[in-house]
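Trainee: Sequence first, then the predicted structure:
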Protein chains: 2
Amino acid sequence: MSGPGRQGGADAPEGASARRRTRSGGPATIYDVADLAGVNPSTVSRALGKPGRVSAKTEARIRAAAAELDFRMNPMARALPTGRTNTLGLVVADITNPMVFGVVRGAEQAASQAGFTLVIAESQESGEAEATAIERILPGVDGMVLATTRLSSERIAQLAGQKPVVLINRAVDGVPSVLPDVDTGVRDLVAHLDELGHRTVAFLAGPTASWMSERRWAALLDAAEQRGIAIVEIGPNAPTIDGGREAYRRLRASHATAAIAYNDLMAIGVMQEAAAHGVDVPGELSVAGFDDIFGSELIVPALTTVRAQLVLAGERAVGQLLAMVGANGHDLPDDLLATTLVVRGSTGPAASA
Amino acid sequence: MSGPGRQGGADAPEGASARRRTRSGGPATIYDVADLAGVNPSTVSRALGKPGRVSAKTEARIRAAAAELDFRMNPMARALPTGRTNTLGLVVADITNPMVFGVVRGAEQAASQAGFTLVIAESQESGEAEATAIERILPGVDGMVLATTRLSSERIAQLAGQKPVVLINRAVDGVPSVLPDVDTGVRDLVAHLDELGHRTVAFLAGPTASWMSERRWAALLDAAEQRGIAIVEIGPNAPTIDGGREAYRRLRASHATAAIAYNDLMAIGVMQEAAAHGVDVPGELSVAGFDDIFGSELIVPALTTVRAQLVLAGERAVGQLLAMVGANGHDLPDDLLATTLVVRGSTGPAASA
DNA sequence: CTGAAAGCGCTTACAG
DNA sequence: CTGAAAGCGCTTACAG
């Protein structure tokens, strides 16, 4: 009634007029394009598939016909004979964890830039759910990146035997992975606490199945030993704000003057619980985390943390994957991702014992 | 060397022994299953496709064979004859905006619960990029949800003509959408500010193409007029922390005693800039936002905001979509999603003029 | 450079 | 209830 549209007459959108010339009335296929261009369907396939395998003028005619018909290659049909779907899978533990945002963004960008589609699945921190999600996604992808997976090494190796797999924050023999340089960041963090006079610190571990939690713990153990600092591990805990809150009591019972949480979410939980108990951070308790997620800078005091390059991790992981599926000639650096200690307000001089 | 595995002998994993019985050496197909079960491939298809169309004993035999061969239906092959991919698309403006996390999670859960795969694409706040992303994703999905799209209504209507489309935070004639009850939340927020004595407030708008920014502004205009409160719109602005920071100067120039930002991210930016200028929130300036994202509660003072039900929005959107593609019998409520004013520390009595 | 044919792994009328 | 056949929209040797 009001405004243009609805008419569908002379100036109808391309889509509408294009549809008329179609065999089935549905979207155009290479047969429709072939008809319009006056060539064999196989020639259309070649012209649109890889460039330069068809004479320039034929290709031009075909492209014109394709444009006119608003032709779009059917990815399912293409996948059948080739076995390649042009789709990559990304499975993350908890899509709600700010830590994964960076990974997802990096992965999505790298994938779409290469003309690949990204399918995403969430494991919800459960090995069961993760296995199911992978099962569902596997047949439709050319490869997948597993970020902070909770799967067993055996299962991962088995998956990697079926399709290209790249790991983020997890190492398994024979499976490529993108890993941060944990040691450097941890060493800096422990040095920082040492300088502040902390003699006993606690590590609030993540979930049992978290490889990265163990990795961080191992690095902390080394660094603390070297400096003669007492260190204890408390956990396992859920890698969430609530997990941090729940660990608070045991943390205080340990009499540690500084807490290092498996990730920023847990560190934030500890700070909230401290505030609820009237315990000053960093006056009475220093708190540090890992990752530097959105929010770590907002909380007061702002959180001291070991920053990870999450977007880069996502990018590199799909870069690797693309190389493995033969879709990419990029040179792939396989060094560890640098890690940075970001000192903010949540760490301070050790409370006098 | 160390530990089990590598042998591939008698106790080899299912996958390995299964692969032997396969025609091509690759993954099993229905033909392999048919051979093993001694039936026609079409019977395998029926048995595994829809239940109860094959005799119980045949079905049992087929399932056993399928399990033995570790058979997984090839989704591409299935999609070709049926035209259905069992995949849904989700396109979001900025995957890095905490506001989308909830949507993604809700969508992913609803989709996977229905046995659907979720493909995700990011438009990066650009209509161009969004169009490209949609183009790339469209042929492979049964339908898509567009969250906070920047596309024109015409383009959206056209898309909706090709495949099922459900909108989140956007209304277009004839296209189903999941929308929050903006008016209620806004009314409560304005009442709250009125009670605190604010006589002039500013709205920091989002991007030009944001339907929701206009919607919120319209509701604010109504509510402010009714209460005789002066209101001005400042913008457009990027819907980010930086966007909020950049709007700060114009905000202060307006002499408004309270700022309502298009979203929480912008509100946080305003608060950061206020802090940088030594302006006390809420003593000298009240600030409020929309959505209640992760982080709004962490910042100090905590942010007063109009909470949206993001996870629910994601769930409902794919619920709708599933119904449209005929994959779901759920009854679909189409009421507006309730909105809640969450009063926290960032709003207080109006600074005396 | 281009055509004609076979095949990718399923589904679905059509018979029986 | 089950088989045999055709077809979904592409790609890719194989000829010419």
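Mentor: Happy to help now that I have it. Everything quoted here is computed from the prediction, not taken from an experiment.
Trainee: So which other helices or strands are in contact with the strand or helix carrying A:Val270?
Mentor: Take DSSP states H and E as the rule and A:Val270 turns out to sit in helix A:264-276. Helices and strands touching helix A:264-276, by 3 or more Cβ pairs under 8 Å, 6 or more residues apart in numbering or on different chains; DSSP states H and E, are helix A:98-113, helix A:241-253, strand A:258-261, strand A:286-291. To be clear about C-beta, it is placed using only N, CA and C from the backbone, and glycine gets the same treatment.
Trainee: Let me have those in a markdown table, adding mean neighbour count and distance to B:Gly197 as columns.
Mentor: Formatted as a markdown table, those follow (neighbours: other Cβ atoms under 10 Å in any protein chain shown; distance: least, Cβ to Cβ, whole Å):
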| stretch | mean neighbour count | distance to B:Gly197 |
| --- | --- | --- |
| helix A:98-113 | 23 | 36 |
| helix A:241-253 | 19 | 35 |
| strand A:258-261 | 31 | 42 |
| strand A:286-291 | 28 | 38 |
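Trainee: So the nearest residue in space to A:Gly348 that is not next to it in sequence versus A:Ile299, what's the distance?
Mentor: In space, A:Gly348 comes closest to A:Pro282 once its chain neighbours are excluded; the distance is 3.3 Å by Cβ to Cβ, 6 or more residues apart in numbering or on different chains. Distance from A:Pro282 to A:Ile299, counting by Cβ to Cβ, to the nearest Å: 13 Å.
Trainee: State the mean pLDDT of the helix holding A:Val270.
Mentor: Helix A:264-276 comes out with an average pLDDT of 97.
Trainee: so who does A:Asn86 touch?
Mentor: Shown in contact with A:Asn86 (Cβ atoms under 8 Å, 6 or more residues apart in numbering or on different chains): A:75, A:78-79, A:115-117, A:142, A:327.
Trainee: quick one: least confident of the residues you listed?
Mentor: The lowest pLDDT within these belongs to A:Ala327, which sits at 78.
Trainee: Now do the same contact list for the residue in the stretch 151-300 of chain A positioned nearest to chain B.
Mentor: Closest to chain B within the stretch 151-300 of chain A is A:Val300: 3.9 Å, counting by Cβ to the nearest Cβ. Counting by Cβ under 8 Å, 6+ apart, A:Val300 makes contact with A:345, B:299-300.
Trainee: what's the pLDDT at it?
Mentor: If you check A:Val300, the pLDDT there is 91.
Trainee: how much space between it and A:Val279?
Mentor: 14 Å.
Trainee: With A:Val342 instead?
Mentor: 23 Å.
Trainee: A:Leu90 too?
Mentor: Going from A:Leu90 to A:Val279 by Cβ to Cβ gives 39 Å.
Trainee: what about those two, which has more around it?
Mentor: Legend: neighbour count by other Cβ atoms under 10 Å in any protein chain shown for A:Leu90 and A:Val279, higher for A:Leu90 (28 against 16).
Trainee: And the more buried one, how close does it get to DNA strand D?
Mentor: Going from A:Leu90 to DNA strand D by Cβ to the nearest atom of the strand, to the nearest Å gives 25 Å.
Trainee: that older thread, rebuild the contacts of A:Val300 as a markdown table, extending it with distance to A:Leu151 and secondary structure.
Mentor: Putting the contacts of A:Val300 into a markdown table (distance: Cβ to Cβ, whole Å; DSSP: H, G, I helix; E, B strand; the rest coil) gives the following:
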| residue | distance to A:Leu151 | secondary structure |
| --- | --- | --- |
| A:Gly345 | 38 | coil |
| B:Ile299 | 36 | strand |
| B:Val300 | 39 | coil |
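Trainee: Tabulate the residues you listed (TSV), appending distance to DNA strand C.
Mentor: Putting the contacts of A:Val300 into TSV (distance: Cβ to the nearest atom of the strand, whole Å) gives the following:
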residue	distance to DNA strand C
A:Gly345	57
B:Ile299	51
B:Val300	56
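Trainee: Let's have the residues you listed in a markdown table, adding distance to A:Gly49.
Mentor: Formatted as a markdown table, these follow (distance: Cβ to Cβ, whole Å):
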| residue | distance to A:Gly49 |
| --- | --- |
| A:Gly345 | 57 |
| B:Ile299 | 52 |
| B:Val300 | 57 |
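Trainee: out of those residues, which one sits closest to A:Leu36?
Mentor: For the contacts of A:Val300, the residue nearest A:Leu36 by Cβ to Cβ is B:Ile299; the value is 59.0 Å.
Trainee: residues in contact with the closest one?
Mentor: Neighbouring residues of B:Ile299 by Cβ under 8 Å, 6+ apart: A:298-300, B:268, B:271, B:346.
Trainee: can you name the two of those residues that are farthest apart?
Mentor: A:Ile299 and B:Ser346 (14.7 Å).
Trainee: circling back: inside helices: which ones of the contacts of A:Asn86?
Mentor: Among those, the members falling in helices (DSSP state H) are A:75, A:78-79.
Trainee: now A:Val119, what's its secondary structure?
Mentor: Of the three states, A:Val119 takes strand under DSSP: H, G, I helix; E, B strand; the rest coil.
Trainee: Bridged to it, which residues?
Mentor: Under DSSP bridges, the beta-bridge partners of A:Val119 are A:Gly89, B:Val119.
Trainee: so what pLDDT did it get?
Mentor: 92.
Trainee: same deal with A:Arg19?
Mentor: So A:Arg19 comes in at 46 (pLDDT).
Trainee: With A:Asp334 instead?
Mentor: Per the predicted model, pLDDT is 79 at A:Asp334.
Trainee: Equivalent analysis for A:Thr85, please.
Mentor: At A:Thr85, the pLDDT value in this model is 91.
Trainee: How about A:Pro176?
Mentor: The model reports A:Pro176 with a pLDDT of 95.
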